[in-house]
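# I'd like to go over a predicted model; first the sequence, then the structure.
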Amino acid sequence: MRKLPYILPFLLMLLLAGCDKPESDLPVNTRLGGEFTLTDHNGEPFSDSDLKGQVSILFFGYTHCPDICPAVLARVAQVYRTLDEAGLAGQVQPVFVTFDPQRDTAAHLREYLPWFKADMIGLTGSLDEIRQVAEQFGVVFIKGEETKGDEGAGYLFTHSDYIYLLDDQARVRKLYPADFNIDEVASDVESLL
């Protein structure tokens with residue numbers, strides 16, 4: 001009878017250890033991310049808390065980008081389709097944040113993003129709101145000179161092009177370059193689910 005008080009805590013620890021979800025090896029990046037509120041492609045307020053409860057793949061860019069942004073969005077869409085084939089896409093949210101609110105209105109994002117077939121959320125806002133979120137994620141973007149062409153005024157951006165993997169608490173867990181490996185990202189997403 002005297003041994004029972006010593007055995008119970010040990011048994012309880014074993015039982016609780018078996019119930020825990022295995023933790024991902026991806027560290028939490030405490031220097032990037034944070035609270036924000038922007039406007040989604042439906043014209044509704046969207047905040048970081050809307051990302052909680054699912055894994056997110058976040059990318060900053062602009063829809064009039066001639067090369068990098070559409071290529072990256074296509075790669076993010078491929079990750080999404082890979083996860084969909086594994087039955088996991090319902091737990092993953094691709095998110096595109098524009099830094100060109102002048103042209104990338106909610107209505108324009110609503111028309112543009114479905115082309116990628118990845119159930120993407122598009123976010124826009126005032127330039128000040130976008131700058132604040134970009135700073136929180138360490139994103140750099142610089143608007144170029146406006147030019148006149150056949151289709152009117154145009155301009156490009158010089159910008160960083162990292163992709164951010166956020167866990168179900170909307171914390172940054174990993175960054176990828178624009179030419180990321182699709183299988184690596186899909187595997188990292190699965191490790192967070």
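Yep, it's here. As the structure is a prediction and not an experimental result, all values here were calculated from the model.

# CA only for contacts and neighbour counts going forward, please
Noted.

# Mind telling me what element residue 164 is part of?
Assigned by DSSP states H and E, residue 164 belongs to strand 163-166.

# which helices and strands does that strand pack with?
Using 3 or more C-alpha pairs under 8 Å, 6 or more residues apart in numbering; DSSP states H and E as the contact test, the elements touching strand 163-166 are strand 55-61, strand 172-176.

# bridging residues for residue 92?
Taking DSSP bridges as the rule, residue 92 bridges to residue 55.

# per-residue confidence at it?
Among the per-residue scores, residue 92 shows a pLDDT of 94.

# just residue 34 next, same as before
92.

# for residue 161, same thing?
89.

# Which residue, neighbours along the chain excluded, lies closest to it?
Among residues not flanking residue 161 along the chain, residue 178 sits closest, at 5.7 Å (C-alpha to C-alpha, 6 or more residues apart in numbering).

# In this structure that neighbour contacts residue 164, no?
No. Applying C-alpha atoms under 8 Å as the test, residue 178 and residue 164 come out as separate, 10.5 Å apart.

# So those two - more neighbours on which side?
residue 164 (23 against 18; other C-alpha atoms under 10 Å).

# give me the beta-bridge partners of the more buried one?
residue 58, residue 175.

# Distance of it relative to residue 91?
Residue 164 is 16 Å from residue 91, where distance means C-alpha to C-alpha, to the nearest Å.

# related to what we said a few turns ago, ok now the strand holding residue 164, how far from the chain's centre?
5 Å (C-alpha atoms, centre = their mean, to the nearest Å).

# check contacts around the residue nearest to residue 161.
By C-alpha atoms under 8 Å, 6 or more residues apart in numbering, the contact set of residue 178 is 68, 72, 161, 162, 163.

# any idea how far the first one lies from residue 59?
This points to residue 68. 11 Å.

# Which one's more surrounded, the two?
The neighbour count for residue 68 versus residue 59, taken as other C-alpha under 10 Å, is higher for residue 59 (23 against 15).

# is it true that the more buried one touches residue 160?
No. Residue 59 lies out of contact with residue 160 (C-alpha under 8 Å); the separation is 10.1 Å.

# tell me which strands and helices the longest helix seen in the chain is in contact with?
If you go by DSSP state H, the chain has its longest helix at helix 68-85. The contact analysis (3+ C-alpha pairs under 8 Å, 6+ apart) places helix 68-85 against strand 92-98, helix 182-192.

# and it, which residues are buried?
69-70, 72-83 (16 or more other C-alpha atoms under 10 Å).

# Identify, from those, the entry nearest to residue 100.
residue 69 (12.3 Å; C-alpha to C-alpha).

# any idea how far the closest residue to the closest one other than its chain neighbours lies from residue 83?
Once flanking residues are discounted, residue 69 sits nearest to residue 61: 5.7 Å by C-alpha to C-alpha, 6+ apart. Counting by C-alpha to C-alpha, the gap from residue 61 to residue 83 is 23 Å.
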